[in-house]
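Engineer: Got a predicted structure here, sequence first:
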Amino acid sequence: MLSKITKNSLNKNTFRLTPIIIIVSISVFYLILSFDRFEWFSDKETTNFNIISDGSGYYAYLPAVFIYRDLKFSFLKKIKNKYQTLNLINGTNPYAKPNEIKNKYWIGTAILQSPFFLINHFYKSAFSHNNDGYSNSYRFTISFTAIIYFIIAFYFFYNFFILLGIKKRIILLVFIAISLGSSLQHYVVYLPSYSHIYSFALINASFYFFLKSKMQYSKSSFFMFWISITLVILIRPTNGIVLFSFPFFFRNKIEFKHYLKLYLLKINRNNILLLAIIFFLFSLQILNIYLQTGNYKLNSYSNESFSSWTNPKMLEVLFSFKKGLFIYAPIFFLIIPGILILFLKNKSLFFLFILNFILITYLISSWWCWWYGGGLGMRTYIDFYILLAIPIVFLFQESSTFLKSIFIGFLLFAIFLYQIYQIQFNKDILHYEKMNSSNFWTPFLRTSSRFCWFVYFQDSSVPKNLKLENTKKIYYNNFRKIWFQTPQQTNFDFGKKNEDLKIFKSILLKDYDSGIGLKVSSEHIIYNPDTNPGFVYLLYKEGLVKRKKNIFIGSRIKFCNKAQKITHFVFFKNLFKQNKYDSLVVYFTKNIPPSGIKNLQIELLKYKKVY
């Protein structure tokens with residue numbers, strides 16, 4: 001009897017520990033990926049960096065306020081010069097005029113990052129001289145902070161669905177799928193200075209605190225709900241759209257009115273304190289804009305807008321190969337059957353999801369840059385993943401054991417796909433912005449490094465709008481290292497073992513003032529799937545390189561240990577009439593591990609554009 005009680009007690013304790021084990025495991029996995037990418041605590045500065053683009057703007061408030069006391073952000077000029085290999089300030093404009101915005105991003109993300117920033121800064125100030133706000137330890141702190149907020153996001157995600165009556169194992173399953181099968185991983189591990197993990201955590205908190213205040217009459221939860229919403233808006237103002245979700249949690253108007261009377265329509269200490277805190281937090285943002293520009297204009301994105309209100313790119317946002325939500329996070333395809341389950345089992349949550357998903361998608365797709373710049377997947381949905389999870393958790397809650405096993409199988413496959421996408425993105429196989437159907441399917445499931453930057457490989461046909469006027473062919477002899485006017489049959493040249501093979505050809509441009517095209521044909525062989533040979537084209541003016549173009553050809557070599565002929569075209573249009581360049585240099589780079597080349601032929605094309 002005692003052994004049975006002990007066994008049951010152990011089983012219960014193990015199950016209680018399961019959420020902790022899962023979130024710790026994922027967090028450790030994220031940390032390992034972060035260390036692998038950024039080489040934390042290394043003495044050398046790497047070219048990989050986690051404070052970039054939008055993230056550099058969100059983060060810049062911390063050194064501006066706590067180190068430099070400079071909300072004009074002029075200190076960033078020195079930071080740029082100090083860390084020349086790292087693009088640490090490209091989300092800001094320290095060179096703006098006095099009345100122009102220098103940092104358009106709102107302060108909410110910096111507020112949430114500030115406790116961890118200050119701990120690190122006090123330590124650096126006490127024990128190190130490199131306390132400029134951008135050294136390695138500061139950048140690591142941002143990565144660590146993002147993982148802390150990932151854990152916070154999990155806490156509120158888990159407890160919100162517990163309040164909805166969802167089984168614990170289903171909540172854990174769906175959160176694992178979101179953590180490993182969506183852009184959440186990318187923006188926690190590789191772009192932690194962006195706002196999305198912070199918005200995700202705070203929106204999860206607002207959902208939890210709201211539902212708890214409704215179900216348990218908790219004044220503290222009501223208080224924290226409004227603090228969470230305030231921070232959500234201070235992170236990204238457009239995320240205030242989440243407020244439209246909450247009325248759908250009420251079953252009828254009477255219940256809604258009762259809630260308002262219970263909390264909002266009373267004058268008491270809690271509400272007065274709440275209003276004071278909200279006013280204080282918003283006043284910080286207003287003060288920030290005033291100190292930057294000298295005015296109180298809240299729209300800091302003055303040159304950007306939702307210019308596609310009448311022509312929103314909703315299908316592109318959801319299904320395009322450029323950044324589509326469902327393409328790069330296929331776990332969310334389970335939303336489709338989940339909507340049907342919601343409609344049958346919970347009409348309130350069905351309408352909550354449908355109307356808010358349409359509204360959020362419309363808002364996202366109306367922005368002038370509907371793909372939201374570089375990155376992996378449609379990042380703007382990360383903030384609202386708790387909303388997207390609602391139909392999925394109900395799908396598992398209400399499905400039979402047989403259907404659950406099918407859906408679990410699909411989730412595992414979707415996670416596998418996303419992890420491949422992430423590897424491809426890290427290897428520059430999936431381009432951060434230039435994705436389309438061809439660029440998606442050509443390297444599908446391929447992770448060899450020879451596919452990196454394959455999107456820059458030129459098509460092997462002459463563009464239809466170009467007319468060739470005359471041609472000239474030259475042929476390279478591998479072993480005599482000179483060019484001929486007649487074909488040369490040679491064996492493969494691999495160059496020296498540890499050196500890159502370079503085959504130079506300098507072409508004077510005086511006879512090609514209307515533009516020049518090059519049709520380059522050669523045979524190649526590789527012995528390692530990661531080898532990515534290519535051609536480099538350099539435009540010179542008086543001995544100085546003025547322009548460079550790389551053409552990687554590894555993606556066109558289908559097999560190792562087998563010779564294959566590769567042909568590509570390169571065109572330079574209408575650049576020489578203005579006397580910008582005087583010569584063009586072509587050379588082949590074999591890459592390492594080595595590749596071989598033979599029978600290199602270049603056809604020089606003089607052309608004009610056909611309109």
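Structural biologist: Looks like it arrived, so ask away.
Engineer: what's the single longest strand in the protein?
Structural biologist: Ranked by residue count, the top strand of the chain under DSSP state E comes out as strand 595-609.
Engineer: tell me which residues in it are buried?
Structural biologist: Residues 595-607 are the ones in strand 595-609 that count as buried (16 or more other C-beta atoms under 10 Å). In short, each C-beta sits where N, CA and C put it, glycine included.
Engineer: Quick one: end-to-end distance for stretch 427-438.
Structural biologist: With C-alpha to C-alpha, to the nearest Å as the measure, stretch 427-438 spans 18 Å from end to end.
Engineer: what's the next secondary structure element after the helix or strand containing residue 422?
Structural biologist: Take DSSP states H and E as the rule and residue 422 turns out to sit in helix 401-426. Heading C-terminal from helix 401-426, the first helix or strand you meet, by DSSP H and E, is helix 437-441.
Engineer: buried set for that following helix?
Structural biologist: The neighbour-count check on helix 437-441 (16+ other C-beta under 10 Å) flags 439-440 as buried.
Engineer: List of residues touching that helix?
Structural biologist: Helix 437-441 is contacted from outside by 321, 327, 430-431, 454-455, using C-beta atoms under 8 Å, 6 or more residues apart in numbering.
Engineer: what about that helix, average pLDDT?
Structural biologist: Here helix 437-441 scores 92 as its mean pLDDT.
Engineer: same question, stretch 18-31
Structural biologist: Stretch 18-31 carries an average pLDDT of 94.
Engineer: got any ranges where this protein has weak pLDDT?
Structural biologist: 1-15, 41-48, 85-88, 457-471, 493-505, 510-514, 573-579, 607-611 (pLDDT under 70).
Engineer: sorry, back to before: next, format the buried residues of strand 595-609 as JSON lines and append distance to residue 100.
Structural biologist: Output for these, formatted as JSON lines (distance: C-beta to C-beta, whole Å):
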{"residue": "595", "distance to residue 100": "50"}
{"residue": "596", "distance to residue 100": "55"}
{"residue": "597", "distance to residue 100": "52"}
{"residue": "598", "distance to residue 100": "57"}
{"residue": "599", "distance to residue 100": "57"}
{"residue": "600", "distance to residue 100": "52"}
{"residue": "601", "distance to residue 100": "54"}
{"residue": "602", "distance to residue 100": "49"}
{"residue": "603", "distance to residue 100": "51"}
{"residue": "604", "distance to residue 100": "48"}
{"residue": "605", "distance to residue 100": "46"}
{"residue": "606", "distance to residue 100": "47"}
{"residue": "607", "distance to residue 100": "44"}
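Engineer: Kindly check the end-to-end length of stretch 263-271 for me.
Structural biologist: Using C-alpha to C-alpha, the end-to-end distance of stretch 263-271 comes to 8 Å.
Engineer: do stretch 552-565 as well
Structural biologist: Using C-alpha to C-alpha, one end of stretch 552-565 lies 14 Å from the other.
Engineer: distance between stretch 66-84 and the chain's centre?
Structural biologist: Chain-centre distance of stretch 66-84: 25 Å, with C-alpha atoms, centre = their mean, to the nearest Å.
Engineer: gap between the two ends of it?
Structural biologist: By C-alpha to C-alpha, the extent of stretch 66-84 from end to end equals 23 Å.
Engineer: cool, and stretch 241-255?
Structural biologist: The first residue of stretch 241-255 is 22 Å away from its last residue (C-alpha to C-alpha).
Engineer: OK, contacts around the residue nearest in space to the middle of the chain?
Structural biologist: When the chain is reduced to its mean C-alpha position, the nearest residue by C-alpha atoms, centre = their mean turns out to be residue 375, at 2.9 Å. Residue 375 makes contacts with 183, 186-187, 191, 323, 432, as judged by C-beta under 8 Å, 6+ apart.
Engineer: at 7 Å what do you get?
Structural biologist: Applying C-beta atoms under 7 Å, 6 or more residues apart in numbering, we find residue 375 in contact with 186, 191, 432.
Engineer: related to what we said a few turns ago, neighbour-wise, which of the contacts of helix 437-441 leads?
Structural biologist: Using other C-beta atoms under 10 Å as the neighbour criterion, residue 430 leads these with 25 neighbours.
Engineer: Quick check: that one touching residue 421?
Structural biologist: Yes - Residue 430 is within contact range of residue 421, at 6.2 Å (criterion: C-beta atoms under 7 Å).
Engineer: follow-up on the earlier one: in JSON lines: the contacts of residue 375, plus neighbour count.
Structural biologist: Shown next, in JSON lines, are the contacts of residue 375 (neighbours: other C-beta atoms under 10 Å):
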{"residue": "186", "neighbour count": "25"}
{"residue": "191", "neighbour count": "24"}
{"residue": "432", "neighbour count": "12"}
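Engineer: Now render the residues you listed as TSV, adding distance to residue 296.
Structural biologist: What follows is those, written out as TSV (distance: C-beta to C-beta, whole Å):
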residue	distance to residue 296
186	36
191	31
432	36
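Engineer: of those, closest to residue 356?
Structural biologist: Nearest to residue 356 out of these is residue 186 (C-beta to C-beta; 23.9 Å).
Engineer: Now for the closest one: which residues touch it?
Structural biologist: Residue 186 makes contacts with 375-377, 422, as judged by C-beta under 7 Å, 6+ apart.
Engineer: Residue 105 too?
Structural biologist: Counting by C-beta under 7 Å, 6+ apart, residue 105 makes contact with 54, 57-58, 91.
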